[in-house]
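[1] Test case, fold it:
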Amino acid sequence: MADTTQLAQLIATRLCHDLAGPIGAVAAGVELVGDDISSMDTETLDLIGASSAAATHKLKFLRIAFGTAAAVSPASLGELENVTRKYLESIAGQSGPPELMWATSDHLVQLQDGVGAGAIQLLFNMIILTVEGMPKCGALTVAVEASAAQAHIAVTARGPKDGAVTVRADIIDAITDPSAVLPSARTAQALYAVALAHELGGALSMAAQDNEISATATLRPRP
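    This is a model prediction of the structure:
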């Protein structure tokens, strides 16, 4: 398991990698235009617009996943589904973003009230892990249950109906036994999510079966 400093460095590396693509595309589009804005054609304008939108959507999602708990206010809970949809669109390949089935707003409110904003951050990390755990994700389901005794989060990614299903075994291994995994840019996300779950008084698990991969967290509500 990585120490705090190493894990912070690896997460920072990951964030830079996630944002390098769309920001670089914006810069490339601006460079094509140069000093003569009248020379901008429709293709270049579309490139700049799409890339800047992708960077914005990624930033909104990643700010919740990796920022402070203050990044998630009670008023923003109703916006989480749209933030997630836009994030999935920003990272989608040629097949398009997965179909999203979202948890009810009441359950999200109960989760945050019972466990704290850190539970929403953990949820967003679990979304990242499941989508990366199954690169050809066709559908993503987010389920939340919270009571006075226990809170439960489950995020499940299902593969496409047709075609081979690929699963990232290294992500599952890092969550299952963090102490046995070599910290790296590829495993940092999983190690961070495990540490976050422990801070919330709970545990995180992940497993693959047939054509789906699921991340599950069981958390203890605050006294």
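[2] how about the helices in this protein?
    Taking DSSP state H, the helices of the chain run over residues 4-33, 42-66, 80-91, 105-115, 117-133, 169-176, 188-199.
[3] by contact count, what packs against the longest one?
    Counting contacts by 3 or more C-beta pairs under 8 Å, 6 or more residues apart in numbering; DSSP states H and E, the secondary-structure elements packed against helix 4-33 are helix 42-66, helix 188-199. In this view, the C-beta of every residue, glycine as well, is placed from N, C-alpha and C.
[4] give me the low-pLDDT residue ranges for this protein?
    1-2, 26-41, 44-45, 47-48, 69-75, 161-164 (pLDDT under 70).
[5] Compile the helices and strands packed on helix 4-33 into TSV and extend it with columns for mean neighbour count and distance to R220.
    What follows is the helices and strands packed on helix 4-33, written out as TSV (neighbours: other C-beta atoms under 10 Å; distance: least, C-beta to C-beta, whole Å):
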stretch	mean neighbour count	distance to R220
helix 42-66	17	21
helix 188-199	21	11
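[6] before we move on, back to that, out of the helices of the chain, the one nearest S147 is which?
    Nearest to S147 among these is helix 105-115; the distance by C-beta to C-beta comes to 7.6 Å.
[7] mind listing what's buried in the closest one?
    Buried residues in helix 105-115, counted by 16 or more other C-beta atoms under 10 Å: 107-108, 110-112, 114-115.
[8] Could you dump the helices of the chain into CSV and include distance to V144?
    What follows is the helices of the chain, written out as CSV (distance: least, C-beta to C-beta, whole Å):
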stretch, distance to V144
helix 4-33, 24
helix 42-66, 15
helix 80-91, 11
helix 105-115, 4
helix 117-133, 7
helix 169-176, 19
helix 188-199, 14
